[in-house]
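Enquirer: next one to model:
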Amino acid sequence: MSDKKNTKVIAHALNAALADAMEADKKVMLLGEDIGKLGGVFRVTDKLEARFGSARVLDTPLAESGIVGTAIGLAMQGWRPVVEIQFDGFVYPAFNQIVSQLAKYRSRTAGCVPLPVVIRLPYGGHIGAVEHHQESPEAYFAHTAGLRVVAPSNSNDAYWMLREAIEFDDPVVFMEPKAKYWQKGEVDFTAAVASMTASRVAKTGADVTVIGFGAMVTTLLEAAKIAAAEGISLEVIDIRSLSPVDYGPIFESVRKTGRAVIAQEAPGNVSLGSEIAASVAENCFYSLEAPVLRVSGYDVPFPAAKLEGVYLPDTDRVLEAVDRVMSH
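Expert: You can find the predicted model right below:
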């Protein structure tokens with residue numbers, strides 16, 4: 001591990017986290033499609049097979065159910081497998097293994113058998129890809145008891161949250177915003193960030209609390225800059241953990257500002273944004289000056305690439321919601 005701060009894109013921060021975890025624990029191994037010699041479609045596992053060998057960096061068949069099922073068996077035998085699902089839309093063949101077996105086995109054995117499996121899941125839009133390559137399926141997994149679901153928004157979080165996920169004894173769905181793989185950021189290799197289950201205040205503000213995760217945090221920070229020029233101060237909350245959600249910083253912020261806007265790429269119906277909105281309304285009711293608003297993708301399948309700019313929330317849609325809550 002490096003002993004100093006270093007500027008890395010998110011993909012390289014994840015690669016460093018995998019390498020350091022494999023160096024620290026010989027039981028950490030990687031499984032996935034084209035993750036060996038190719039280094040993965042996003043090159044997150046680049047050069048790891050050459051460094052650690054094909055026995056610990058396994059190129060698998062194109063069979064997500066088999067990949068996750070194999071990881072479950074390995075974890076039961078004391079390994080710490082890290083699975084790469086190549087694209088978000090490819091995870092569904094493994095859905096039964098994840099929700100019926102992986103999520104439930106610790107409970108089924110009364111806590112006696114840990115299942116330290118990490119499922120790395122590139123998710124979200126903004127890359128102009130074809131069908132099944134741009135989805136936001138986080139609600140399925142956040143709804144599933146027994147799974148931890150997290151999503152980093154920057155390089156430092158990507159490194160430290162993945163290190164923590166690999167060391168965790170319960171299964172973690174690690175959602176990586178693929179649109180931000182090449183976003184640069186500083187990684188401090190000398191000091192771990194707060195727990196991967198802790199929300200963080202990405203920017204302080206006084207007028208409106210805006211809440212998001214993953215790639216959406218960048219959009220919210222951009223919206224905050226534009227709003228500041230118009231005299232509106234936004235406080236940006238990066239929730240980082242989608243299940244469980246750390247509501248403390250969210251409630252504290254909303255009680256201060258009296259207004260909340262939640263942004264996500266996924267459709268709004270029965271979504272993580274819906275749950276956060278309901279929790280804010282229940283716990284901050286007497287502090288609210290306006291209804292809690294959600295900005296999300298539309299309740300339709302993710303469209304063709306040429307329409308993703310219409311489908312995905314952007315700064316204009318976030319700021320329109322901000323204007324609406326400020327008008328009350």
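
Enquirer: can you map out the strands along the stretch 1-150 of the chain?
Expert: 5-9, 28-32, 57-59, 80-84, 118-123, 148-150 (DSSP state E, counting those that start in this stretch).

Enquirer: I'd like to know which elements the longest strand seen in the chain is packed against.
Expert: The longest strand of the chain (DSSP state E) is strand 260-267. Where contact means 3 or more C-beta pairs under 8 Å, 6 or more residues apart in numbering; DSSP states H and E, strand 260-267 is packed against strand 208-212, helix 215-229, helix 272-283, strand 293-297, helix 315-326. C-beta: built from backbone N, CA, C; applies to glycine.

Enquirer: neighbouring strands - and their directions - for it?
Expert: strand 208-212 (parallel), strand 293-297 (parallel) (DSSP bridges).

Enquirer: count of residues packed around Gly78?
Expert: A count of nearby residues for Gly78, using other C-beta atoms under 10 Å, gives 9.

Enquirer: thinking it is in contact with Lys27, fair?
Expert: Yes. Gly78 is in contact with Lys27 according to C-beta atoms under 8 Å; the separation is 6.2 Å.

Enquirer: pull up the overlap in contacts between these two.
Expert: Counting by C-beta atoms under 8 Å, 6 or more residues apart in numbering, Gly78 and Lys27 have no shared contacts at all.

Enquirer: picking that back up, quick one: the longest strand of the chain to chain centroid distance?
Expert: Put simply, strand 260-267 sits 14 Å off its chain's centre (C-alpha atoms, centre = their mean, to the nearest Å).

Enquirer: separation between Arg200 and Gly185?
Expert: From Arg200 across to Gly185, the span is 14 Å (C-beta to C-beta, to the nearest Å).

Enquirer: tell me which of the strands of the stretch 1-150 of the chain sits nearest to Phe285.
Expert: Counting by C-beta to C-beta, Phe285 lies closest to strand 148-150 out of the strands of the stretch 1-150 of the chain; the figure is 26.9 Å.

Enquirer: packing partners of the closest one?
Expert: Strand 148-150 packs on helix 138-142, helix 155-167, strand 172-177, strand 241-243, going by 3+ C-beta pairs under 8 Å, 6+ apart.

Enquirer: quick check: closest non-adjacent residue to Ala17.
Expert: Leu162 (4.0 Å; C-beta to C-beta, 6 or more residues apart in numbering).

Enquirer: burial measure for the one you found, as a count.
Expert: The burial count for Leu162: 28, using other C-beta under 10 Å.

Enquirer: just confirm Leu293 contacts Asp323, I think it does.
Expert: No. Leu293 lies out of contact with Asp323 (C-beta under 8 Å); the separation is 10.3 Å.

Enquirer: still on that earlier bit, could you give the average pLDDT over the longest strand of the chain?
Expert: Strand 260-267 shows a mean pLDDT of 96 in the predicted model.

Enquirer: how about stretch 165-177?
Expert: Taken as a whole, stretch 165-177 has a mean pLDDT of 97.

Enquirer: could you do stretch 292-311 as well?
Expert: So the average pLDDT for stretch 292-311 ends up being 90.

Enquirer: contacting residues around that stretch?
Expert: With contacts defined as C-beta under 8 Å, 6+ apart, stretch 292-311 is touched by 125-126, 128-131, 134-136, 260-269, 271, 273-274, 277, 280-281, 312-313, 317-318, 321, 324-325.

Enquirer: and if we set it to 6 Å?
Expert: 125, 128, 134-135, 260-269, 273, 277, 280-281, 313, 317-318, 321, 325 (C-beta atoms under 6 Å, 6 or more residues apart in numbering).

Enquirer: how many residues are close by Trp209?
Expert: Just so we're on the same page, residue 209 is Thr rather than Trp. Count around Thr209 with other C-beta under 10 Å applied: 29.

Enquirer: rebuild the strands of the stretch 1-150 of the chain as JSON lines, extending it with distance to Ala16, mean pLDDT and mean neighbour count.
Expert: Shown next, in JSON lines, are the strands of the stretch 1-150 of the chain (distance: least, C-beta to C-beta, whole Å; pLDDT from 0 to 100; neighbours: other C-beta atoms under 10 Å):
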{"stretch": "strand 5-9", "distance to Ala16": "7", "mean pLDDT": "86", "mean neighbour count": "16"}
{"stretch": "strand 28-32", "distance to Ala16": "14", "mean pLDDT": "98", "mean neighbour count": "23"}
{"stretch": "strand 57-59", "distance to Ala16": "15", "mean pLDDT": "96", "mean neighbour count": "20"}
{"stretch": "strand 80-84", "distance to Ala16": "14", "mean pLDDT": "98", "mean neighbour count": "26"}
{"stretch": "strand 118-123", "distance to Ala16": "14", "mean pLDDT": "96", "mean neighbour count": "26"}
{"stretch": "strand 148-150", "distance to Ala16": "18", "mean pLDDT": "98", "mean neighbour count": "25"}
